Each structure stands twice: as C-alpha cells, then as structure tokens.
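**Student:** Structure of the sequence below:
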Amino acid sequence: MTQGSPLRLIILFTIPIILGNIFQQMYNIGDAKVVSFYLGEHPFASVGMTAVVSNTLIGLVNGFTQGFGILVATAFGARDLKRIRKCVAGSAILTVLLVIILSVLAFLFIRPVLIWLNTPEELLEQALSYVRIILMGLGFTALYNLSANLLRSLGDSRTPLYCLIISIVLNLLLDMLFIGSFGWGIEGAAIATVISQGICSIACFTYAVTHFREYLPKKEDWFVPRPIYHELFLTGLSMGLMGCIVNIGTIILQGAINSLGPDTVAAHFAGRRLIDILMSLVYTFGFTMTTYVSQNMGAGRIDRIRQGVRIANIIVTVESVILILFSLLFARSITTWIASTENVLIQDQAEMYAKVMICFFPALGPLFNLRCALQGVGHKIIPLVASVLELSVKVASAMLLVPALGYLGVALTEPISWCLMTTILTIGYIRWVKKVS
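**Tutor:** Numbers count the residues shown, from 1 in each chain. Next comes the predicted model:
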C-alpha cells in the first residue's frame, strides 16, 4: 500500500472485501428468505428484532480487532517485524478476554434487554431461542474477525473472502436442511449459522498461521510490554466503541420500531436487508482506508494518504448515484421477495424505508472513508464524537420523530445522523491535513 498507484491499489484491495460483504449480505437475505418461506412472518420478525442485539456484540468484537489491525498495519508499513509479532500476540490475548466478558454479560442480560426493547410477547420466546444459540458462536465470530483483520493489515484481503464464501454456501444448505427437512424451526437457522461460522473461522485462522509464519509470535513475543497493550486496547476500544455506540442507538431505535407492531418489524427487517447489501458496496472502502492509511502513516507517506482519501471519496460518490437509480427501480420488488409476503403494509413500509435511506448514500460513503482514515492516522476522538452524535440522533428520534411521524421517522433517523457526522469528520480531516502540511 506504500508504493504504486493509489487508485489501482485501493480498487484491487477493496474488490475482495466488497465481494465478501456482498456474499455476507446475500447470505443474510437468503437466511431471512428461508425463515420467512418455511416459518412465516412472525419468526421472520423474531430474527429481525434480535439481529440488532447480536450485531452490537459482533460489531464490538469486530471493532476491537480492526483497531488491533491498525497497529499491525502501521508496524508493517514501518517494516518493524518484532513489533508486528508483539502486536499480534497482544491482539490474541485481548480478543480472548473480550469474548469471555461479552459472552457472560450477554447470557445474563439478553432477556431483560429484549423485554426493554418492547419485543411483542408473542415473539419473545422465539427471539430468545434464536439469539441465545447465535451468542454461543461469538467465539467463532471473534476468531474469524481477528484472523481476517490481521490478514488485511498485512495486505491480504482475498483469503477472508474465500473462507466467507465457504461459510455462506454451507450456511444456506444447512438452513434448508435443518428448517425445511428436519423441521427444527427458528432454532435450526441459528444452529446452521453457528456451525458455518465455526468452519469459516477455523479455515481463516489455519491459513493465517500456515502462510504468515514470519509474523507469528514466538515464545518471547507473548510477553507483551505494557505500552503495546495500552496502545492496542485504546485503539481497539476506540474502534469498538464507535460501532458499539452506533449499535446502542440502533437498539434504542429498534425499541421504537417494535412498538409499531409485528408488521412494521417485518417491513423494517426486509428493508434493512436490502439496505445492508447496498451499504456494503459503499462502506467497504472505509475498511480499505484503514489499512491504506495505517501502512502509509507507518512509512511516513502523508502525500499518499491525502491522495488515497480523495480517490476513495470520488469512487463512493459515483457508486452512490448508481445505487440511488437502482433503488428507485427495484426496491419494492426485492424487499417483497425477501419478506415472502402479500401484506401491502409490509411492502409499502419496506419500500419507503429503502428509498429514503439510499437517497442519502452520498453522505454515507465519505463518512466511512474519513472516519477510518482518521483512525488510521491515530486520531481517535473526532470519530468517537461523531459516533456519539449518531447515538444522540437515534435516541432523539425514538423519543420525538417516531412518535410524531411513525415509520417515516425511523427512515429519516440515520440519514440525519449521516449528514451531521460527515460534516464533523470532514472538518476534523481538513484540520489534520493542515496540521501535517
């Protein structure tokens, strides 16, 4: 990432990540389709309302491992092999501790959280059955994210994609087997997810330890100095808190959505599935910026950082315009297919949500690029402030917009926060550029 054409490097590095995210979102859509087709609208809604809780924990783990990857990428850019090994060792130890803590807290508080989210009584037990099994696989999720983010920090974005494809295909096959043939219901979907995640994580980890041996910690590297632990923890915490704060806001907003009834929950789940796959085409350039900026920061190439951020912002803006046109043409047909429903209310709300969200994608792409770039150069506060702002907007929406506008208030919430966050991050990035120029 420190030599050659930034445009070519950014595109080639991002393509496997984009494909991985597309396959992941296609799996999510396929998984939802299997549940809605075999089990109906209520189990479909149950999966949807628990996703925000499990995604918060998974997002926190992924954020921490992304933060660890920043330090590994910086050391890689500086060609400091000893520091890379120390960072990898510290990352592994901190990830194990994080999984233990989160797993215990999750199993203790998942029922009270779902009740607090206004989960309809008729959906509560199904939702609990599903999410408890999903949480059992948190360790597998952490192992994959740690392995994948460390591989990306060393310049390999393809291997995580290959492992993910295997997982997705297996997951869908197991979904149809466990739900369609064995009749295991919503629990079968969760078991299929955990099994496929386990195989994916083990495959990615095995590849990492067999093909990147020179970066693996030796016996003496496991004695990690306190300053490195401190850097890893703070960088990981900063990245993790960004995702966690955003997802806490989403959880609060989900409570307001749940209060609108099962049909609206199902509509939101269908609309969100489409939004997630289209968002993945945009925000993946932010992941690339994390590695690109970190490696060039380690190499002292400030000029390449500025050039790369500018190129990435142009790319995501063009992408956003294309996706807006796509949404205007196909949003209703896709969300209706996902939900497997003839319910006009669900169809109308899902279509409205998708179209409103996508029209604000031109603000979303630069948001991820600038946030990850600032993290890559070591600026943790401004991205964190932007995330706190998003939380505040979601809380205000749950209290004011949703009661006043109904589901339209839900659709407007994130676009409002995107515009505000992008403004703050742009100011922060411009200040950094002036400071280092």
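
**Student:** which other residues reach stretch 322-340?
**Tutor:** 29, 32-33, 36-37, 41, 44, 266-267, 269-271, 273-274, 278, 281-282, 346-347, 350-351, 354-355, 358-359, 361 (CB atoms under 8 Å, 6 or more residues apart in numbering). The way it works is simple: take the backbone N, C-alpha and C, and place the C-beta from them, glycine included.

**Student:** Just after the helix or strand Tyr292 falls within, pick out the following helix or strand.
**Tutor:** In this assignment (DSSP states H and E), Tyr292 forms part of helix 262-298. With elements assigned by DSSP H and E, the helix or strand that comes after helix 262-298 is helix 302-339.

**Student:** gap between that next one and the chain center?
**Tutor:** 16 Å (CA atoms, centre = their mean, to the nearest Å).

**Student:** what is the rounded mean pLDDT of it?
**Tutor:** Averaged across helix 302-339, pLDDT comes to 89.

**Student:** how about Gly188, what does it touch?
**Tutor:** Applying CB under 8 Å, 6+ apart, the residues near Gly188 are Asp175, Phe178, Ile179, Phe182.

**Student:** Let me know the pLDDT of it.
**Tutor:** pLDDT for Gly188: 87.

**Student:** so which strand or helix has the spatially most central residue of the chain?
**Tutor:** Compute the mean C-alpha point of the chain, and by CA atoms, centre = their mean the closest residue is Gly59, 5.7 Å away. For Gly59, the element it lies in under DSSP H and E is helix 41-77.

**Student:** before we move on, the earlier item: Produce a PyMOL select command limited to the buried residues of the contacts of stretch 322-340.
**Tutor:** Selecting only the buried entries of these in PyMOL, with 16 or more other CB atoms under 10 Å as the criterion:
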select buried, resi 29+32+33+36+41+44+266+267+269+270+271+273+274+278+281+282+346+347+350+351+354+355+358+359+361
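
**Student:** Any idea which helix or strand in this structure has the lowest mean pLDDT?
**Tutor:** helix 6-39 (a mean of 75; mean pLDDT, DSSP states H and E).

**Student:** Run through this protein and note the low-pLDDT ranges.
**Tutor:** Along the chain, the model assigns pLDDT under 70 to residues 1, 24-33, 41-42, 44-49, 52, 243, 245-247, 249-250.

**Student:** Check the gap between Phe178 and Ile165 for me.
**Tutor:** 20 Å (CB to CB, to the nearest Å).

**Student:** Which one of the two is surrounded by more residues?
**Tutor:** Each of Phe178 and Ile165 has its neighbours counted (other CB atoms under 10 Å); Phe178 has more, 20 against 16.

**Student:** If you drop the residues flanking it in sequence, what lies closest to that one?
**Tutor:** Distances taken as CB to CB, 6 or more residues apart in numbering put Gly188 closest to Phe178, at 3.1 Å, once the chain neighbours are dropped.

**Student:** which SS class is that neighbour?
**Tutor:** When classified by DSSP: H, G, I helix; E, B strand; the rest coil, Gly188 comes out as helix.

**Student:** how near is it to Val72?
**Tutor:** Remark: distance between Gly188 and Val72 (CB to CB) = 38 Å.

**Student:** Repeat that for Ile18.
**Tutor:** 22 Å.

**Student:** Give the residue from these two that has the larger number of neighbours.
**Tutor:** Neighbour tally, Ile18 and Val72, criterion other CB under 10 Å: the higher count belongs to Val72, 29 against 21.

**Student:** need the contact list for the more buried one.
**Tutor:** Ile84, Cys87, Val88, Ser91, Leu150, Ser153, Leu154.

**Student:** Now, those residues that are in helices?
**Tutor:** Mapping those onto helices (DSSP state H) picks out Ile84, Cys87, Val88, Ser91, Leu150, Ser153.

**Student:** Report the buried residues of stretch 105-115.
**Tutor:** Neighbour-count burial for stretch 105-115 [16+ other CB under 10 Å]: Ala106, Ile110, Arg111, Val113, Leu114.

**Student:** Please save the CA atoms from it in PDB.
**Tutor:** Provided in PDB are the C-alpha atoms of stretch 105-115 (Å, rounded to 0.1, in the frame of the first residue of the first chain):
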ATOM      1  CA  LEU A 105     -22.900 -10.400  30.000                       C
ATOM      2  CA  ALA A 106     -24.900 -11.400  27.000                       C
ATOM      3  CA  PHE A 107     -26.400 -14.600  28.600                       C
ATOM      4  CA  LEU A 108     -27.100 -12.700  31.800                       C
ATOM      5  CA  PHE A 109     -29.000  -9.800  30.300                       C
ATOM      6  CA  ILE A 110     -30.400 -10.900  26.900                       C
ATOM      7  CA  ARG A 111     -34.000 -11.500  28.200                       C
ATOM      8  CA  PRO A 112     -34.200  -8.100  30.100                       C
ATOM      9  CA  VAL A 113     -32.800  -6.400  27.000                       C
ATOM     10  CA  LEU A 114     -35.400  -7.900  24.700                       C
ATOM     11  CA  ILE A 115     -38.200  -7.000  27.100                       C
END
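
**Student:** Farthest pair within the contacts of Val72?
**Tutor:** Ser91 and Leu154 (12.5 Å; CB to CB).

**Student:** So His379 sits against Gly428, correct?
**Tutor:** Yes: between His379 and Gly428 a contact is recorded at 6.8 Å, counting by CB atoms under 8 Å.

**Student:** ok, back up a step: of Ser91 and Leu154, which one has the most company?
**Tutor:** Ser91 (26 against 20).

**Student:** who are the neighbours in contact with that one?
**Tutor:** Thr65, Phe68, Gly69, Val72, Leu146, Leu150, Leu232, Gly236.
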